[in-house]
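Asker: curious how this folds, go ahead:
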Amino acid sequence: MCNIIYIYHLQAIYKDVNSKAYLLRLSSFLIYIYTIVHLIYFFFFNTVFNSFMSDSSEIFCHC
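Answerer: Numbers count the residues shown, from 1 in each chain. Prediction:
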């Protein structure tokens, strides 16, 4: 019984989403979010890594 309701909901969602324009907008939005998240990830961890490496180099070199 639960499987039938689940399949019915999936079919209803698929009928609503079956438009190519909607799928194009959804995929472009997901690509946009993916790009923004990875840019933030790259710049944040790049700065954290550089600051960590500069701090660790000062430990070994007391000039």
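Asker: could you say which helix or strand holds residue 39?
Answerer: Using DSSP states H and E, residue 39 falls within helix 20-60.
Asker: count of neighbours near residue 24?
Answerer: For residue 24, the number of neighbouring residues by other C-beta atoms under 10 Å comes to 10. In short, each C-beta sits where N, CA and C put it, glycine included.
Asker: quick one: low-confidence parts of the chain?
Answerer: 1-19, 50-63 (pLDDT under 70).
Asker: can we see that at 80?
Answerer: Along the chain, segments meeting pLDDT under 80 span 1-25, 44-63.
Asker: roughly how far apart are residue 35 and residue 24?
Answerer: 16 Å (C-beta to C-beta, to the nearest Å).
Asker: kindly report the same for residue 31.
Answerer: 11 Å.
Asker: please apply the same query to residue 32.
Answerer: Taking C-beta to C-beta, one finds residue 32 at 12 Å from residue 24.
Asker: with residue 30 instead?
Answerer: Residue 30 is 11 Å from residue 24, by C-beta to C-beta.
Asker: please apply the same query to residue 45.
Answerer: Applying C-beta to C-beta to residue 45 and residue 24 gives a distance of 32 Å.
Asker: same check, this time on residue 48
Answerer: In terms of C-beta to C-beta, residue 48 sits 36 Å off from residue 24.
Asker: run a quick neighbour tally on residue 33.
Answerer: Neighbours of residue 33 (other C-beta under 10 Å): 10.
Asker: and what of the one 4 residues further on?
Answerer: The local packing count at residue 37 equals 10, with neighbours defined by other C-beta under 10 Å.
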